[in-house]
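*Asks:* Predicted model, plus sequence, below.
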Amino acid sequence: MTKDGPARPLRLDGQGKPLWLVCELTYKCPLKCPWCNNPLEFGSIRDELSTEEWKRVLRESRALGSLQLGFTGGEPLVRKDLEELVAEADRLGFYTNLITSTVGMDAERLGRLKAAGLKQIQVSLQSHDADTTNTLVGAPVHQHKIDMIREIKAQGFPVVLNIPVVRQNIAHTTAYLELALELGVDYVEFANVQYYNWALVNRDELMPTLEELRESEAAINAFRARIGKRMTIYFVIPDYFNGRPKACMNGWGSIIMTIAPDGLALPCQEARLLEGLDFPSVRDHSVEWIWKDSPAFKTYRGDDWMKEPCRSCDEKEKDFGGCRCQAYLLTGDAANPDPACSKSPFHHKIGQAIVEAHRPLRNSRPLVMRQAGAS
Amino acid sequence: MYMLRWEESEQAHILLYPEGIVKLNSSAGEILKRFVGGRLVAEVVAELSALCPDEDIAADILAFLEIANDKGWTRKAAQA
């Protein structure tokens, strides 16, 4: 968010509004990406919200001040009512974003989404190289993605191209950027894989080395210098390697609210993995109560919950103690400091993970592709 | 790709764009809303100057437009 000049950021103090609403319309997806952030048990979570239930979520969130809306999944195009939901969201005044693999899209459906008021599309593309993409996602979809990116641009949408940064594609940075430029995309986001759920299962096989990341960063900087403002490229060194945690979600229950396919309301898309928290469902409660009053959204909001060294840390308002899910997964207690922080007493857990991932024989295990029952 | 509109819940003009929200202060909002759909800078400066006859705001408007251009919120049209 822009913080300088004549504009000022909206409130980020946790007493504000759910400015960003993330709607995971379904966990269904035709792809098998081994870094998927959906729950390992996604196949057993059924009973998706109906069209009318989603519309109520949209109305109530908008009334609370939500502005940005991401339709995601799974693959949101699986939902036949996507156009109807986009139209409702647009009518309510949301800026509607679609986060998609493009599988299930054609020019005609894209036209309908445009007519419904869709503003922006974020497409995942794993590599410039067809074989790499197809292997990584477990389906022959590379050419379809390329065709759809061209069609999306032809129909006048801004495009964010999202590449999950993994060992298997990191050496291709420059070739990938050349393709993105040729396709006319507006933003390229090098998305560091967050090691939860499927990605955690596959961490040793997916995690790039710091050297590979630095080389990729240098390639990006050279590319930026060459092309100027034609394309915006986002890249950061991941939390595993930089000694400080990410400012996860801008703080728990601060500006982002996720609604899972079955109506569970979550402070982030991974939070469902936290045991011991009773996440409320939009089927049982109003969005207003969930955001303002539910115990789950208040548990790690602000800084009262923090332990040392976070509590007295002069950076706590910068990173909010990092990621609760990562703290839980690596230390067993979500209230612990995120182990990604070098000040955390659990920082050695990150060091161990890096060593494990970078052992010479690490490639001996095949990727566990996302599918129901595979975990 | 930038969408400018008045947001009642913020009592401000906001810019919405892929993965971003900017809340504009009242001056920025007053300037930018006049450029929606394309306008001549001189026209807008004259219009706003007429609204603030006691101040010389032209330089401030131009400085702001440089920032807006730099951020991609506005685009200079090619000279005819």
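*Replies:* Structure received.
*Asks:* for the chain, which helix is longest?
*Replies:* As the question left the chain open, I've gone with chain A. helix A:210-227 (DSSP state H).
*Asks:* Actually, chain B is the one I wanted.
*Replies:* The helix that spans the most residues within chain B, counting by DSSP H, is helix B:58-71.
*Asks:* what comes into contact with that one?
*Replies:* Contact partners of helix B:58-71, identified using C-beta atoms under 8 Å, 6 or more residues apart in numbering or on different chains, comprise A:2, A:5-6, B:27-28, B:31-32, B:41, B:44-45, B:48-49, B:74-76. All C-beta atoms are positioned from the backbone trio N, CA, C, and that covers glycine.
*Asks:* Which ones among those residues map onto helices?
*Replies:* B:S27, B:A28, B:I31, B:L32, B:V41, B:V44, B:V45, B:L48, B:S49.
*Asks:* between the residues you listed, which is closest to A:Y195?
*Replies:* Nearest to A:Y195 among the ones in helices among the contacts of helix B:58-71: B:A28, at 40.3 Å, using C-beta to C-beta.
*Asks:* right, and the closest one touches B:A12 too?
*Replies:* No. Contact between B:A28 and B:A12 fails when scored by C-beta atoms under 8 Å: they sit 9.3 Å apart.
*Asks:* Looking at those two, which is more packed in?
*Replies:* Per other C-beta atoms under 10 Å in any protein chain shown, whichever of B:A28 and B:A12 has more neighbours is B:A28, with 22 against 18.
*Asks:* Can you read off the pLDDT for that one?
*Replies:* Listed pLDDT for B:A28 reads 93.
*Asks:* Could you check how far it is from chain A?
*Replies:* To chain A, B:A28 is 4 Å away according to C-beta to the nearest C-beta, to the nearest Å.
*Asks:* Flag every residue of chain B that's near chain A.
*Replies:* Contact residues (C-beta under 8 Å from any C-beta of the partner chain) of chain B with chain A: B:1, B:3, B:5, B:7, B:9-10, B:14-25, B:27-28, B:64, B:67, B:71-72.
*Asks:* can you tell me which of those residues are in helices?
*Replies:* Per DSSP H, the subset of those in helices is B:S27, B:A28, B:F64, B:I67, B:K71.
*Asks:* ok, of these, which one's closest to chain A?
*Replies:* The shortest approach to chain A among these belongs to B:A28, at 4.1 Å (C-beta to the nearest C-beta).
*Asks:* If you tally nearby residues, what's the number for the residue of the stretch 151-300 of chain A found nearest chain B?
*Replies:* Using C-beta to the nearest C-beta, A:P158 is the residue of the stretch 151-300 of chain A that sits closest to chain B, at 3.9 Å. Neighbours of A:P158 under the rule other C-beta under 10 Å: 18.
*Asks:* And for A:D262?
*Replies:* Counted with other C-beta under 10 Å, the neighbours of A:D262 add up to 17.
*Asks:* residues in contact with it?
*Replies:* A:D262 is in contact with A:I45, A:R46, A:D47, A:E48, A:L49, A:S281, counting by C-beta under 8 Å, 6+ apart.
*Asks:* The same query, at a cut-off of 7 Å, please.
*Replies:* Going by C-beta atoms under 7 Å, 6 or more residues apart in numbering or on different chains, A:D262 touches A:I45, A:D47, A:E48.
*Asks:* got a winner among those residues for most neighbours?
*Replies:* Top of those by neighbour count (other C-beta under 10 Å): A:E48, with 20 neighbours.
*Asks:* Not counting sequence-adjacent ones, nearest residue to the residue most central in space within chain B?
*Replies:* In chain B, the residue lying closest to the centroid (C-alpha atoms, centre = their mean) is B:L32, at 1.8 Å. Computed as C-beta to C-beta, 6 or more residues apart in numbering or on different chains, the closest residue to B:L32 that is not its neighbour in sequence is B:L4, at 5.6 Å.
*Asks:* what bridges to that neighbour?
*Replies:* Bridge pairing for B:L4 (DSSP bridges) gives the partners B:L15.
*Asks:* and it, what does it touch?
*Replies:* Contacts for B:L4 (C-beta under 7 Å, 6+ apart) come out as B:H13, B:L15, B:L32, B:K33, B:V36.
*Asks:* and the fourth one, what does it touch?
*Replies:* Translated: B:K33. B:L4, B:H13.
*Asks:* Could I get the pLDDT score of it?
*Replies:* 92.
*Asks:* For residue 36, give me phi and psi.
*Replies:* Defaulting to chain A. Backbone geometry at A:C36, expressed as degrees, to the nearest 10, gives phi -50, psi 140.
*Asks:* Who are the contact partners of it?
*Replies:* Contacts for A:C36 (C-beta under 7 Å, 6+ apart) come out as A:N197, A:W198, A:R370.
*Asks:* Include distance to chain B, neighbour count and secondary structure when you put those residues into TSV, please.
*Replies:* Below are these laid out as TSV (distance: C-beta to the nearest C-beta, whole Å; neighbours: other C-beta atoms under 10 Å in any protein chain shown; DSSP: H, G, I helix; E, B strand; the rest coil):
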residue	distance to chain B	neighbour count	secondary structure
A:N197	22	24	helix
A:W198	23	27	helix
A:R370	25	27	coil
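*Asks:* thinking A:M257 is in contact with A:E288, fair?
*Replies:* No. A:M257 is beyond contact range of A:E288, at 11.1 Å (criterion: C-beta atoms under 7 Å).
*Asks:* A:L58 sits in which helix or strand?
*Replies:* Using DSSP states H and E, A:L58 maps to helix A:51-63.
*Asks:* hmm, I was thinking of A:I233
*Replies:* strand A:232-234.
*Asks:* In terms of secondary structure, what does that strand contact?
*Replies:* Applying 3 or more C-beta pairs under 7 Å, 6 or more residues apart in numbering or on different chains; DSSP states H and E, we find strand A:232-234 packed against strand A:187-192.
*Asks:* run the last query once more with 8 Å
*Replies:* strand A:187-192, helix A:210-227 (3 or more C-beta pairs under 8 Å, 6 or more residues apart in numbering or on different chains; DSSP states H and E).
*Asks:* Any buried residues in that strand, and which?
*Replies:* A:I233 (16 or more other C-beta atoms under 10 Å in any protein chain shown).
*Asks:* got it, and stretch A:235-249?
*Replies:* Residues of stretch A:235-249 classed as buried: A:F235, A:P238, A:D239, A:Y240, A:F241, A:R244, A:P245, A:K246, A:A247, A:C248, A:M249 (neighbour count, 16+ other C-beta under 10 Å).
*Asks:* Tell me which entries of those lie within helices.
*Replies:* A:D239, A:Y240, A:F241.
*Asks:* ok, of those, which one's closest to A:V137?
*Replies:* A:Y240 (23.2 Å).
*Asks:* what sits against the nearest residue to that closest one once chain neighbours are set aside?
*Replies:* Excluding the flanking residues, the one nearest A:Y240 by C-beta to C-beta, 6+ apart is A:I350, at 5.5 Å. Each residue near A:I350 by C-beta under 8 Å, 6+ apart is listed here: A:Y240, A:L330, A:P339, A:A340.
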